[in-house]
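# model the structure of this input:
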Amino acid sequence: MTSPQAASAADAANAADATLRALAKPTADATIAHHSKSFSLAAKILPPACRDDAAVVYSYCRRVDDAVDEVAAEAALPAIARLRQELATLYQAAAEPAATPIADPVLARFAAICESRRIPRHYPAELIAGMEMDAVGARYERLEDLLRYAYRVAGVVGLMMCHVMSLRGERALVHAAHLGIAMQLTNICRDVAEDWRRGRLYLPAELLARHGAKDLAAQARDGRAIPASAVPALAAATRELLALADRYYASAERGLLALPWRSAFGVRAARRIYAAIGGRIAAAGHDPLAPRAVVPRWRKLLLVGVAACGALAEAPRRAARLLPGRRIPPLAIPATTLEFADVDRL
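Take a look at the predicted model:
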């Protein structure tokens, strides 16, 4: 039987959590709405509590990204050092909130989510390591180098979301990492020209060399315009990476049955909308100099409808798993930390 003191402490903790949620929500919602129309639309499908926590996780990830991308080059590495110190403080606060108060409501809420949903510190630490790759101007010689970067800056985001949503069976963690990787590959293919202007080239050198272009990364860092002679190779490499992204998207689709149905619906919508960006790039001939690929809102809404049809089509399989005698894993927060070496290559 619960003592009156324990019940009172639990009530106080619940009230504090509700207050923190209310304080963090406006900023987190505004962040996801401003920076990602696609994720914002898909997030509306999630259950309310899950939606709010997902917005906070997204806001933290955006904070890390902006801390490096929105500063001068010479300030990027000091920003990485500050992010690592901040992360240490957040996990200390997660364990001892009273001893380590955090003034920023979104950061405080992120720390609370990391504690309650048992998000491994490895994931946000890898996110920061991915941004450090940008800060030091990492070169991407091999496809494996690019996949490591994609795991760090996007795969771990999918893995953190698994802790927010819970899963039936931890094999689905691989599929979640695959979705993040697919989305990042799509981003890279969409932003070739924009990244070039910032002195970055993510398309792997081995892939570009196969299509007849060498030393393009050096030209991007030197601030030169994309040479006309390199456009066919950039287009061919983009086409190959989008084909690879499609394989990762297909793997992600196979993992959706492990999520609660409404969460699966939201993730399926995000997956459909993001994959459609690749279709727009293909329609422009994979030309890096074409206008930035954008999926119009009417098409996003149509893709949400397609995702709804997918959710309905999946319903018999979900129901069959609940029949007497069927043994399925319980819905639970993952206990496994999925590292890059554990992610299947496709």
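
# which stretches in the stretch 201-346 of the chain count as strands?
Assigned by DSSP state E, counting those that start in this stretch, the stretch 201-346 of the chain shows strands spanning 331-332.

# for the residue lying closest to residue 24 once chain neighbours are set aside, give me its contacts.
The shortest distance from residue 24 to any non-neighbouring residue, by C-beta to C-beta, 6 or more residues apart in numbering, is to residue 109 (3.8 Å). All C-beta atoms are positioned from the backbone trio N, CA, C, and that covers glycine. Going by C-beta atoms under 8 Å, 6 or more residues apart in numbering, residue 109 touches 20, 21, 23, 24, 28, 56.

# how far away is residue 109 from residue 194?
According to C-beta to C-beta, to the nearest Å, residue 109 stands 31 Å off from residue 194.

# and for residue 114?
In terms of C-beta to C-beta, residue 114 sits 32 Å off from residue 194.

# neighbour count for these two, which is higher?
residue 114 (24 against 11; other C-beta atoms under 10 Å).

# follow-up on the earlier one: got the CA coordinates for the one helix or strand the residue nearest to residue 24 maps to in CSV?
Assigning secondary structure by DSSP states H and E places residue 109 in helix 105-116. Output of helix 105-116 as CSV, limited to C-alpha atoms (Å, rounded to 0.1, in the frame of the first residue of the first chain):
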residue,chain,number,x,y,z
PRO,A,105,12.7,24.9,-20.2
VAL,A,106,13.3,23.0,-23.4
LEU,A,107,16.7,21.8,-22.2
ALA,A,108,15.3,20.9,-18.8
ARG,A,109,12.5,18.9,-20.5
PHE,A,110,15.0,17.2,-22.8
ALA,A,111,17.0,16.1,-19.7
ALA,A,112,13.8,14.8,-18.1
ILE,A,113,12.9,12.8,-21.3
CYS,A,114,16.4,11.4,-21.4
GLU,A,115,15.9,10.1,-17.8
SER,A,116,12.3,8.9,-18.0
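
# quick check: buried residues in it?
Across helix 105-116, burial judged by 16 or more other C-beta atoms under 10 Å covers 105, 106, 107, 108, 109, 110, 111, 112, 113, 114, 115.

# my read: the second one touches residue 26, true?
Going back to what we said before, that points to residue 106. No: when contacts are counted by C-beta atoms under 8 Å, residue 106 is not listed as touching residue 26 (9.6 Å).

# between those two, what contacts are shared?
By C-beta under 8 Å, 6+ apart, no residue touches both residue 106 and residue 26.

# picking that back up, quick one: the buried residues of helix 105-116 as TSV, columns for distance to residue 148 too.
Shown next, in TSV, are the buried residues of helix 105-116 (distance: C-beta to C-beta, whole Å):
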residue	distance to residue 148
105	33
106	28
107	27
108	31
109	30
110	24
111	27
112	30
113	26
114	23
115	28
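
# out of those, who's nearest residue 52?
The closest of the buried residues of helix 105-116 to residue 52 turns out to be residue 109 (C-beta to C-beta; 8.5 Å).

# for that closest one, give its distance to residue 236.
45 Å.

# same question for residue 300.
In terms of C-beta to C-beta, residue 300 sits 29 Å off from residue 236.

# again, but for residue 181
Here residue 181 is placed at a distance of 21 Å from residue 236 (C-beta to C-beta).

# tell me which of the two has more neighbours.
Between residue 181 and residue 236, residue 181 has the larger neighbour count (other C-beta under 10 Å), namely 30 against 18.

# now do the same contact list for the more buried one.
147, 150, 151, 154, 155, 245, 248, 343.

# check the nearest residue to residue 35 once chain neighbours are set aside and give its pLDDT.
Closest residue in space to residue 35, ignoring its immediate chain neighbours: residue 62 at 5.6 Å, by C-beta to C-beta, 6+ apart. Note on residue 62: pLDDT of 95.

# hang on, residue 62 packs against residue 31?
Yes: Residue 62 is within contact range of residue 31, at 5.6 Å (criterion: C-beta under 8 Å).

# which one's more surrounded, those two?
Neighbours per residue, other C-beta under 10 Å: of residue 62 and residue 31, the larger number sits with residue 31, 21 against 17.

# remind me which helix or strand that one belongs to.
helix 4-35.

# need the CA coordinates for the helix or strand that that helix is followed by. PDB is fine.
Going down the chain from helix 4-35, the next helix or strand is helix 37-43, by DSSP H and E. Listed in PDB are the C-alpha atoms of helix 37-43, where the atom choice follows Å, rounded to 0.1, in the frame of the first residue of the first chain:
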ATOM      1  CA  LYS A  37       7.200  21.600 -42.300                       C
ATOM      2  CA  SER A  38       7.400  17.900 -43.100                       C
ATOM      3  CA  PHE A  39       8.200  16.800 -39.600                       C
ATOM      4  CA  SER A  40       5.700  19.200 -38.100                       C
ATOM      5  CA  LEU A  41       2.900  17.800 -40.300                       C
ATOM      6  CA  ALA A  42       3.800  14.200 -39.500                       C
ATOM      7  CA  ALA A  43       4.100  15.000 -35.800                       C
END
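
# tell me the average confidence for helix 37-43?
What helix 37-43 shows for mean pLDDT is 85.

# buried residues, the helix or strand just after that helix. List them.
The first helix or strand that comes after helix 37-43 along the chain, using DSSP H and E, is helix 48-69. Residues 50-65, 67-68 are the ones in helix 48-69 that count as buried (16+ other C-beta under 10 Å).
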